[in-house]
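1. Here is the input, now give the coordinates:
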Amino acid sequence: MCEKIMKYPDIFNKHFITYFLKLGEDKVVNVRISVAKVLKKLFKKQRPITEYKEIIELAEKLKGDKNQEVKNQTANIVIKPYKKIALDGSQDETTPSPTKQQEVKEEAKTEEKTE
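-> As a prediction, this is how the structure comes out:
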């Protein structure tokens, strides 16, 4: 369910992001493994949510997790340096142009139609 709602970043950010980020830091390893699996799929499909700084930071953190299974799930996540937008809307110097952001959103819509 979490993965499906992430196709809609505005809704996800408004209602779920805080909880998802906390799950990525949970003491229970199986919870972190589940979060890592969701991130793995999202980054593989380059969903728009992967542009957010907090999601990128979570993926990077899980790549260095103390549990080997969490590390294994996140090992192949490729984080593109140009995709960093903070949840508060602020952008850093590596943020894609609005045109690129629109392209990413259109790609996500196209993928939704084909799924």
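2. Show me where this protein has its helices.
-> 2-5, 9-15, 17-23, 29-45, 53-63, 68-74, 98-114 (DSSP state H).
3. If I average pLDDT within each of these, which one is lowest?
-> Mean pLDDT is lowest for helix 98-114 among these, at a mean of 54.
4. quick one on the thing from earlier: now render the helices of the chain as TSV, adding distance to residue 80 and mean neighbour count.
-> All C-beta atoms are positioned from the backbone trio N, CA, C, and that covers glycine. Below are the helices of the chain laid out as TSV (distance: least, Cβ to Cβ, whole Å; neighbours: other Cβ atoms under 10 Å):
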stretch	distance to residue 80	mean neighbour count
helix 2-5	19	13
helix 9-15	16	14
helix 17-23	20	15
helix 29-45	9	18
helix 53-63	9	19
helix 68-74	15	17
helix 98-114	10	12
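5. what sits against the nearest residue to residue 35 once chain neighbours are set aside?
-> The spatial neighbour of residue 35 that comes closest, neighbours along the chain excluded (Cβ to Cβ, 6 or more residues apart in numbering), is residue 24 at 4.5 Å. Contact analysis of residue 24 by Cβ atoms under 8 Å, 6 or more residues apart in numbering lists 32, 35-36, 39, 58, 61-62.
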